[in-house]
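Visitor: Generate a structure from the sequence data that follows.
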Amino acid sequence: MVSFNAVPSNVVKRLIALPTAMLLLASSAAYAQSVIPDDEIDPAAAEMEDLRPLAQDGSLLSLAGGQRLMAEANNAVASGDYTEASRKLQEARQLFNQLSNFYQELASSFSGIDNRIADAQRSLALETAQLRDQATYQLALVHRAQNQPELAVPLLIQIVRSQNPTRDLGQQAYRQLFELGFVDSPYPRSEGAEPTSSAPRSTQPLN
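Guide: Purely as a prediction, here's the structure:
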């Protein structure tokens, strides 16, 4: 029988804190690149921008709202409150998945009509899907820290499917499956192993 051992709490804290900080910085930079340059913004529209409900700091249906949930989860992990961390990460995961689907739908709607808008929405769909997968991975780590591998395994498999095993996050998820004893073959098997594909699949919705 396979024995599932919990990850030490200090290891979980390090695993979650660093990727969260790096990913939030990356997502902020990607968002800045996706917005319209300042010289193309109508001044009258700019004055109204801060009045839009979803542009407010307290909005939940936004990148900022999801990032806030992930930061709160990170704080909960740091204090050892894994129950609260799990709840916050689940909320962030669902929010980012919803946002990714919405942006992808908008990108499809504007394809061939206004490619500038379509490309911007597609970029946001990929960005939020990546954040979703990161939140899912951290949630799996929290479940493992709570000695709940039966909850971690399905999440890790979803990440491998979404990210592709050749991408960093996909490999990390598969490595967790190997460490848990759910799979027997390590990947990558050697330094010189050639990937069969590097195409990301991070726009797929998770169940």
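Visitor: number of nearby residues for residue 147?
Guide: 12 (other Cβ atoms under 10 Å). C-betas here are computed from N, CA, C, even on glycine.
Visitor: On the three-state scheme, it is what?
Guide: coil (DSSP: H, G, I helix; E, B strand; the rest coil).
Visitor: quick one: low-confidence ranges for this protein?
Guide: 1-51, 55-58, 190-207 (pLDDT under 70).
Visitor: the helices in it, which residues?
Guide: 9-34, 43-49, 63-78, 82-110, 115-145, 149-163, 168-180 (DSSP state H).
Visitor: Burial check on the nearest residue to residue 178 once chain neighbours are set aside, number of neighbours?
Guide: Closest residue in space to residue 178, ignoring its immediate chain neighbours: residue 186 at 5.4 Å, by Cβ to Cβ, 6 or more residues apart in numbering. When counting by other Cβ under 10 Å, one arrives at 11 neighbours for residue 186.
Visitor: what's residue 186 sitting at in phi/psi?
Guide: phi -70, psi 160 (degrees, to the nearest 10).
Visitor: Hmm, it is touching residue 176, no?
Guide: No. The criterion here is Cβ atoms under 8 Å, and residue 186 misses it with residue 176 at 11.8 Å.
Visitor: Hmm, residue 136 and residue 92 touching each other?
Guide: No. Checked against Cβ under 8 Å, the pair residue 92 and residue 136 is beyond contact range at 9.2 Å.
Visitor: Are there residues contacting both of these two? Which ones?
Guide: The contact sets of residue 92 and residue 136 do not overlap (Cβ atoms under 8 Å, 6 or more residues apart in numbering).
Visitor: coming back round to it: tell me the most buried of the helices of the chain?
Guide: helix 115-145 (a mean of 23; mean count of other Cβ atoms under 10 Å).
Visitor: Tell me what angle that one forms with helix 168-180.
Guide: If you take axes from the mean of the first three to the mean of the last three Cα atoms, to 10 degrees, helix 115-145 sits at 20 degrees to helix 168-180.
Visitor: Measure how helix 115-145 sits relative to helix 149-163, angle-wise.
Guide: 160 degrees.
Visitor: Which strands or helices does helix 115-145 pack on?
Guide: Contacts defined by 3 or more Cβ pairs under 8 Å, 6 or more residues apart in numbering; DSSP states H and E place helix 115-145 against helix 9-34, helix 63-78, helix 82-110, helix 149-163, helix 168-180.
Visitor: Distance to residue 121 added to these, as a markdown table?
Guide: Formatted as a markdown table, the helices and strands packed on helix 115-145 follow (distance: least, Cβ to Cβ, whole Å):
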| stretch | distance to residue 121 |
| --- | --- |
| helix 9-34 | 9 |
| helix 63-78 | 13 |
| helix 82-110 | 4 |
| helix 149-163 | 19 |
| helix 168-180 | 23 |
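Visitor: how about the ones you listed, which one is nearest residue 117?
Guide: Closest of the helices and strands packed on helix 115-145 to residue 117 is helix 82-110, at 4.5 Å (criterion: Cβ to Cβ).
Visitor: No further questions, thank you.
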